[in-house]
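Chemist: this one's structure only:
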């Protein structure tokens, strides 16, 4: 699939020499941003940082370049430096894609493309575009953001007019391969149990999303789904080599958003029900059926031209886990963002977290996890 990506982009950029006479003809655009965050928790270390002592270990820098080599074709690439505690400290390729839009009804993207699932997945890589320091972790876990953001393959998309009384319907269909790196937060519990996937997990995915822009101005209702299965036959546990598999992974998400003037309200509900199993020679198979529910509701209001405030309630429940704090997470977040100018902004966010099912690891909490904690996040960013 990587060869497909390289070939597709080479073809797209190859059109430059055939059609463009100067850099101006390409309509080249360069954008990016950099952020520095600080985390503090009253109890528990979170997101693999030493947050109970105060941690500045959250740094990001993003650069993207786009060009239009021929009419209707846009090509671009985005790279990211990401450090969050023990996650990252690497430079990764967020996406690298060509986008050919025939008309409003049909277009296609190809390469490493953003996966258009949920309400925020395909914009969660753009920190300057929203108020939150952390999007609701029940559905958009930052520990796996680089993995769930994009896939190798393609997306078809378009907008269909439903008449003056029915609004518009935006559709997206996608397929290809998703790659989850061995250091992804998804595998944190496995790593701490001594199970390592040296090559990560690559899996074929396909899905679709519908966004209905209703006749009521500002109201959008939508749904998306992802289907995929994966097997990693080279999982290791000490000297043993075994198999790690995820089967029947289903992610239907339903969402709604309403915007009017300075006010925005949104909500999303998701469900995951995979069967995870690990097999090593001489050891009974480890079966882990999951039945998770995740949802959030949020609202934001632009208080002044430079100051925006927001609130959300994010909740996650795993029905396969025994009763107790590890079964759930309930997270109330109160956020504020101040834009000093078009380039410089600051965010402040307070979380009240009940439950320990998301964001915690055993190694950085050797004395055990407390059932509740308060998380304070301060972040400053510059964009261009």
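Modeler: Cool, got the structure. Just so we're clear, the structure is a prediction, and the values are computed from it rather than from any experiment.
Chemist: can you pull the contacts of residue 148?
Modeler: 115, 117, 121, 140-141, 178 (C-beta atoms under 8 Å, 6 or more residues apart in numbering). Heads up, the C-betas are built off the backbone N, CA and C, glycines and all.
Chemist: closest one of those residues to residue 154?
Modeler: residue 115 (11.1 Å; C-beta to C-beta).
Chemist: residues in contact with residue 126?
Modeler: Each residue near residue 126 by C-beta under 8 Å, 6+ apart is listed here: residue 33.
Chemist: what's the pLDDT at it?
Modeler: Per-residue confidence (pLDDT) for residue 126: 96.
Chemist: ok, residue 184 next?
Modeler: On pLDDT, residue 184 comes in at 82.
Chemist: for it, which non-adjacent residue is spatially closest?
Modeler: residue 147 (5.0 Å; C-beta to C-beta, 6 or more residues apart in numbering).
Chemist: just the buried positions in the helix or strand containing residue 83, please.
Modeler: Using DSSP states H and E, residue 83 falls within strand 73-84. Across strand 73-84, burial judged by 16 or more other C-beta atoms under 10 Å covers 74-80, 82-84.
Chemist: ditto for stretch 342-353
Modeler: The neighbour-count check on stretch 342-353 (16+ other C-beta under 10 Å) flags 345, 347, 349, 351, 353 as buried.
Chemist: stretch 56-67: which residues count as buried?
Modeler: Buried residues in stretch 56-67 (16+ other C-beta under 10 Å): 57-58, 60-64, 66-67.
Chemist: I meant stretch 315-335, not that one.
Modeler: 315-318, 321, 325, 327-331, 333, 335.
Chemist: of these, closest to residue 273?
Modeler: residue 318 (10.7 Å).
Chemist: which ones are touching that closest one?
Modeler: Applying C-beta under 8 Å, 6+ apart, the residues near residue 318 are 290-292, 327-328, 357.
Chemist: among the contacts of residue 148, which ones are in strands?
Modeler: residue 178 (DSSP state E).
Chemist: quick one: least confident of the contacts of residue 318?
Modeler: The minimum pLDDT among these falls on residue 290, with 73.
Chemist: tally of neighbours for that one?
Modeler: By the criterion of other C-beta atoms under 10 Å, residue 290 has 15 neighbours.
Chemist: thought residue 246 was touching it, still the case?
Modeler: No - contact between residue 290 and residue 246 fails when scored by C-beta atoms under 8 Å: they sit 9.4 Å apart.
Chemist: first to last residue in stretch 347-365, what's the distance?
Modeler: End-to-end distance for stretch 347-365: 27 Å, by C-alpha to C-alpha, to the nearest Å.
Chemist: ok, now stretch 66-82?
Modeler: Using C-alpha to C-alpha, one end of stretch 66-82 lies 21 Å from the other.
Chemist: from residue 257, how far off is residue 263?
Modeler: Separation of residue 263 from residue 257 (C-beta to C-beta, to the nearest Å) stands at 11 Å.
Chemist: for the stretch 1-150 of the chain, which spans come out with low pLDDT?
Modeler: 1-24 (pLDDT under 70).
Chemist: point to the residue nearest the middle of the protein.
Modeler: residue 145 (3.8 Å; C-alpha atoms, centre = their mean).
Chemist: quick check: closest non-adjacent residue to it.
Modeler: Ranked by C-beta to C-beta, 6+ apart and with sequence neighbours excluded, the top spatial neighbour of residue 145 is residue 124, at 6.1 Å.
Chemist: who touches that neighbour in this structure?
Modeler: Applying C-beta under 8 Å, 6+ apart, one finds that residue 124 lies in contact with 135, 140, 145, 149.
Chemist: I'd like to know the beta-bridge partner residues of residue 373.
Modeler: According to DSSP bridges, the partner residues bridging residue 373 are residue 353.
Chemist: near it, how many other residues are there?
Modeler: 22.
Chemist: show me what contacts the closest residue to residue 73 other than its chain neighbours?
Modeler: Leaving out its chain neighbours, the residue that sits closest to residue 73 by C-beta to C-beta, 6+ apart is residue 100, at 5.0 Å. For residue 100, the contacting residues are 72-74, 107-109, by C-beta under 8 Å, 6+ apart.
Chemist: quick one: which of the residues you listed is nearest residue 155?
Modeler: residue 109 (4.4 Å).
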